[in-house]
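[1] give the three-dimensional model of this entry:
(one chain, ligands or ions: 2)
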Amino acid sequence: MLENVSKALKGALLTCVAVGVAGSGFAQSLEEVKTQRGLTDKDILAAAKTYTPSGMKDEYYVFSSGGQAGQVIVYGVPSMRILKYIGVFTPEPWQGWGFDKHSKDILAQGKIRGKEITWGDTHHPGLSETKGDYDGQYLFINDKANPRVAVIDLKTFETTQIVVNPIFKSEHGSTIVTPNTEYVIEVAQYAAPFEDKYVPLEDYNDKYRGGVTYWKFDRKKGKIDIKRSFTVELPPYMQDVTDAGKGPSYGWSFTNTVNSERYQGGFGNGNVPEFSKRLPNEAGMSAKDTDYMTIVNWKAAEKLFQQGKYKKINDHAVISMDDMVKANALFLVPEPKSPHGNDVSPDGTHIIVAGKLDTHASVYSWTKMKNMIDSKDFASTDPYGLPILDLKRSLARQVNLGLGPLHTQYGKGDSVYTSLYVESSIVHWNYKTGKVLEKMPINYNVGHLVTAEGDTVDPDGKYLISLNKLAIDRFLGVGPLHPQNHQLIDIKKGQPMQLLYDMPLPLGEPHYAQMIKADKLKPIVRYKKKSFKHRVRPGREKVVRNGNNVTIYSTAIRSHYSPEVIKVKVGDKITWHMSNVERAQDQTHGFTVDGLNIHGSLEPGETSTFEFVVDKEGVYPFYCTEFCSALHLEMTGYLLVEP
Ligand code: K7E
Ligand code: CUA
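    Ligands and ions are numbered 1, 2, ... in the order given. I've put the predicted structure just below:
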């Protein structure tokens with residue numbers, strides 16, 4: 001330890017030299033800085049482990065949900081430097097996301113029952129996988145509030161598709177990918193009728209439903225193939241966090257299921273008769289000692305789909321519970337009260353479930369459960385005919401971890417880390433022996449955890465991030481709404497966990513994140529010009545009028561637009577194609593026209609299109625919004641609108 005500290009001190013000293021003003025030597029000695037700022041050796045060590053000098057790059061990318069911001073946050077580890085907010089469900093002006101035709105069209109894919117939705121509640125980003133390993137090609141993200149999933153292309157870090165779930169009214173256990181990204185899994189949360197119609201709560205048991213949707217991913221096209229996707233109908237319980245099986249459990253998915261009481265806010269039809277009608281949901285929904293894990297054989301469901309054994313609801317294929325049960329492909333196993341986290345081990349042999357209201361984590365053995373499934377050895381069935389496996393005989397072990405265990409992440413070997421929401425701690429334990437190894441307090445109230453490559457078949461260990469809900473006293477005050485706090489923790493094997501860094505996140509409430517080796521990603525630095533249908537070549541700029549329709553073909557390059565003066569008439573329908581004809585890396589030009597709610601961010605090689613009608617005569621300056629050169633202010637022009 002001491003040796004490490006002195007090494008780190010030396011590293012930090014070297015850094016001091018590097019940042020010192022040339023010729024002036026040390027501004028201050030390391031000892032002076034330590035004294036002045038009240039830092040300990042441990043602090044200096046933590047700093048040296050995260051400090052990333054200018055030009056040095058991070059080892060990992062983190063893709064974090066942006067929560068209610070409806071976006072994805074990208075940052076680097078170990079520096080914790082934010083790299084990007086990817087506009088997904090919410091317009092993002094800097095990127096022009098939601099302000100040009102292309103991005104408006106993608107956002108319009110996310111309309112729900114005809115209504116435009118300009119926010120989202122993103123929870124679980126899912127990186128595409130090949131053989132159970134992150135492959136760095138695509139990222140998926142869900143919207144819990146407005147049941148949708150989005151596809152992000154990691155070559156451009158741009159959202160390329162939004163798919164609305166046609167039958168769910170909310171969702172949560174999404175987006176989970178199967179080991180070869182065959183499917184992107186989306187799971188309903190609050191039971192509701194699949195059809196878009198009113199059904200009284202009295203019919204809850206019969207007509208309200210949960211479900212799990214398997215969105216077929218076409219990797220070549222980089223798109224979800226809606227026609228080859230299907231939903232497995234589930235009882236009107238509340239389905240929750242989900243994980244995909246791998247190795248011996250490949251072909252299966254596992255979903256936590258709460259409110260097996262089917263309680264409905266005290267107005268219900270007597271599903272929990274011992275409760276008076278005045279009890280709130282939180283009591284009625286957690287009345288029973290156990291809930292369920294829902295086990296789905298998606299390979300078998302895929303077969304039923306291919307055989308046409310489904311009915312169409314809102315033009316979407318739904319496989320019935322009955323058909324799934326008949327195909328020996330749908331099961332339940334009890335879980336301790338109000339389970340939340342549900343995490344399949346890297347080798348696919350175990351599933352760790354943590355129930356918020358139980359101090360234990362339950363380690364389920366897939367071998368045991370599969371044996372019971374194969375020999376049709378069931379303890380009972382639920383009211384919908386789903387076979388229920390015996391709880392005790394499904395468990396490998398239960399381990400007492402502490403108060404409010406939530407989510408588990410896998411480290412190296414048999415090491416796992418579980419967040420304890422109520423205790424505000426992280427517990428490190430061995431899921432194969434059940435031994436608790438270490439507990440570490442965090443600040444404060446952790447939700448999910450993320451480890452390096454944690455959801456792959458071969459996690460890296462190394463780093464753990466605690467995705468904390470509260471920050472309370474950790475940062476400078478910014479009013480009653482505090483930032484979230486992502487705490488980076490060193491979990492290198494054989495050493496005690498060490499807190500390295502607190503990062504305030506002032507965007508959304510991130511729920512889950514995934515951490516991927518940086519060298520797996522191959523982002524581009526310029527667009528292939530040919531990929532844009534309306535590309536404008538230098539020298540071919542023009543304005544074409546066809547009746548009331550005016551099409552403008554223009555280019556942008558340092559430091560001018562062509563053309564610079566454009567005359568149109570009031571009421572003209574304008575289609576404005578703009579190509580950034582730069583080759584140089586990072587030479588972005590912006591584009592906006594006064595008062596029309598238009599904004600483009602044109603990266604090198606990119607063509608964007610803006611469509612609008614000017615319904616008032618006048619003089620409309622347009623200009624480049626990105627400080628692109630010394631003559632950036634001069635990158636401007638006039639749109640003259642004649643009466
Ligand atoms: Cu626990 Cu949406 Cu995964 Cu929040 S969820 S923490
Ligand atoms: Cu182009 Cu400023």
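
[2] any idea how far residue 186 is from residue 163?
    Distance, residue 163 to residue 186, by CB to CB, to the nearest Å: 9 Å. Quick note: C-beta positions are derived from backbone N, CA and C, even for glycine.

[3] hey, where'd the helices end up in the protein?
    2-19, 30-37, 41-50, 101-109, 204-207, 281-284, 298-306, 321-326, 366-374, 391-394 (DSSP state H).

[4] mind checking which of those is nearest residue 497?
    Minimum separation from residue 497 across the helices of the chain (CB to CB) falls at helix 41-50, 11.8 Å.

[5] mind putting the helices of the chain into a markdown table with mean pLDDT?
    Formatted as a markdown table, the helices of the chain follow (pLDDT from 0 to 100):
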| stretch | mean pLDDT |
| --- | --- |
| helix 2-19 | 47 |
| helix 30-37 | 94 |
| helix 41-50 | 97 |
| helix 101-109 | 98 |
| helix 204-207 | 95 |
| helix 281-284 | 81 |
| helix 298-306 | 98 |
| helix 321-326 | 98 |
| helix 366-374 | 98 |
| helix 391-394 | 98 |
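
[6] closest one to ligand 1 among the ones you listed?
    With CB to the nearest ligand atom as the measure, helix 281-284 is the member of the helices of the chain nearest ligand 1 (16.2 Å).

[7] quick one: the closest one to chain centroid distance?
    Centroid separation between helix 281-284 and its chain, computed with CA atoms, centre = their mean, to the nearest Å, is 29 Å.

[8] ok, now stretch 293-303?
    23 Å.

[9] excluding chain neighbours, what is closest to residue 247?
    residue 348 (3.0 Å; CB to CB, 6 or more residues apart in numbering).

[10] what's the local residue count around the one you found?
    19 (other CB atoms under 10 Å).

[11] so it makes contact with residue 253?
    No. Between residue 348 and residue 253 there is no contact under CB atoms under 8 Å: 11.8 Å.

[12] joint contacts of these two?
    residue 245 (CB atoms under 8 Å, 6 or more residues apart in numbering).

[13] and the protein, which residues reach ligand 1?
    Within the chain, the positions near ligand 1 by CB under 6 Å from any ligand atom are 123-124, 172, 241, 340, 406-407, 447-448, 511-512.

[14] rewinding a little: overlap in contacts, residue 163 and residue 186.
    Counting by CB under 8 Å, 6+ apart, the residues touching both residue 163 and residue 186 are 149, 215.

[15] who has more neighbours, those two?
    The neighbour count for residue 163 versus residue 186, taken as other CB under 10 Å, is higher for residue 186 (30 against 22).

[16] report the contact partners of that one.
    142, 147, 149, 165, 168, 171, 173-175, 212-213, 215.

[17] top of those residues by neighbour count?
    Top of the contacts of residue 186 by neighbour count (other CB under 10 Å): residue 142, with 33 neighbours.

[18] and it, bridged to which residues?
    Going by DSSP bridges, residue 142 is paired in beta bridges with residue 149.

[19] doesn't residue 163 make contact with it?
    No. Contact criterion CB under 8 Å: residue 142 and residue 163 do not qualify, at 10.2 Å.

[20] can you lay out the residues of the chain next to ligand 1 as JSON lines showing distance to residue 225, neighbour count and pLDDT?
    Supplementary listing: those in JSON lines, determined by distance: CB to CB, whole Å; neighbours: other CB atoms under 10 Å; pLDDT from 0 to 100:
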{"residue": "123", "distance to residue 225": "23", "neighbour count": "25", "pLDDT": "98"}
{"residue": "124", "distance to residue 225": "21", "neighbour count": "24", "pLDDT": "98"}
{"residue": "172", "distance to residue 225": "23", "neighbour count": "25", "pLDDT": "97"}
{"residue": "241", "distance to residue 225": "25", "neighbour count": "28", "pLDDT": "96"}
{"residue": "340", "distance to residue 225": "31", "neighbour count": "22", "pLDDT": "92"}
{"residue": "406", "distance to residue 225": "34", "neighbour count": "22", "pLDDT": "95"}
{"residue": "407", "distance to residue 225": "31", "neighbour count": "23", "pLDDT": "97"}
{"residue": "447", "distance to residue 225": "32", "neighbour count": "20", "pLDDT": "96"}
{"residue": "448", "distance to residue 225": "29", "neighbour count": "25", "pLDDT": "97"}
{"residue": "511", "distance to residue 225": "27", "neighbour count": "23", "pLDDT": "97"}
{"residue": "512", "distance to residue 225": "25", "neighbour count": "24", "pLDDT": "98"}
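
[21] just the ones of those in strands?
    241, 340, 406-407, 447-448 (DSSP state E).

[22] pick out the most distant pair among the residues you listed.
    241 and 447 (11.1 Å).

[23] excluding its backbone neighbours, what's nearest the residue in the stretch 451-600 of the chain that ligand 1 sits nearest to?
    For the stretch 451-600 of the chain, the residue closest to ligand 1 is residue 511, as judged by CB to the nearest ligand atom, at 3.6 Å. Among residues not flanking residue 511 along the chain, residue 123 sits closest, at 4.2 Å (CB to CB, 6+ apart).

[24] give me phi/psi at the one you found?
    With angles defined as degrees, to the nearest 10, residue 123 sits at phi -120, psi -60.

[25] my guess is it meets residue 144, correct?
    Yes. Between residue 123 and residue 144 there is a contact under CB under 8 Å: 5.3 Å.

[26] what is in contact with the two at once?
    Counting by CB under 8 Å, 6+ apart, the residues touching both residue 123 and residue 144 are 172, 174.

[27] which parts of the stretch 301-450 of the chain are strands?
    With DSSP state E, counting those that start in this stretch as the criterion, the stretch 301-450 of the chain has strands at 311-313, 316-319, 330-336, 339-344, 350-355, 360-365, 380-381, 387-388, 395-400, 405-410, 415-420, 425-430, 436-441, 446-452.

[28] for those strands, which one sits closest to ligand 2?
    strand 446-452 (37.6 Å).

[29] alpha carbons only: can I get that closest one in PDB?
    Taking C-alpha atoms only, strand 446-452 is exported to PDB below (Å, rounded to 0.1, in the frame of the first residue of the first chain):
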ATOM      1  CA  VAL A 446     -27.500   3.800  -4.400                       C
ATOM      2  CA  GLY A 447     -29.600   2.300  -7.100                       C
ATOM      3  CA  HIS A 448     -27.800   0.300  -9.800                       C
ATOM      4  CA  LEU A 449     -24.200  -0.500  -9.900                       C
ATOM      5  CA  VAL A 450     -22.100  -0.900 -13.000                       C
ATOM      6  CA  THR A 451     -18.800  -2.800 -13.300                       C
ATOM      7  CA  ALA A 452     -16.400  -2.900 -16.300                       C
END
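
[30] gap between it and the chain center?
    The answer for strand 446-452 is 13 Å, by CA atoms, centre = their mean.

[31] OK, now which residue of this protein is nearest to ligand 1?
    Counting by CB to the nearest ligand atom, the chain gets nearest ligand 1 through residue 447, at 2.9 Å.

[32] isn't that residue up against residue 511?
    Yes. In terms of CB under 8 Å, residue 447 counts as a neighbour of residue 511; the distance is 6.1 Å.

[33] run through the residues that contact the residue nearest to the spatial centre of the chain.
    Centroid check for the chain by CA atoms, centre = their mean gives residue 125 as the closest residue, at 2.3 Å. Residue 125 makes contact with 63-65, 72, 139-141, 175, 512-514, according to CB under 8 Å, 6+ apart.

[34] dump these to CSV, plus distance to ligand 2.
    Listed next are the contacts of residue 125 as CSV, based on distance: CB to the nearest ligand atom, whole Å:
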residue, distance to ligand 2
63, 30
64, 31
65, 33
72, 27
139, 29
140, 34
141, 31
175, 36
512, 37
513, 34
514, 35
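
[35] and the pLDDT for the residue nearest to residue 190 when sequence neighbours are not counted?
    In this structure, residue 190 finds its nearest non-sequential neighbour in residue 170, 4.6 Å apart by CB to CB, 6+ apart. On pLDDT, residue 170 comes in at 97.
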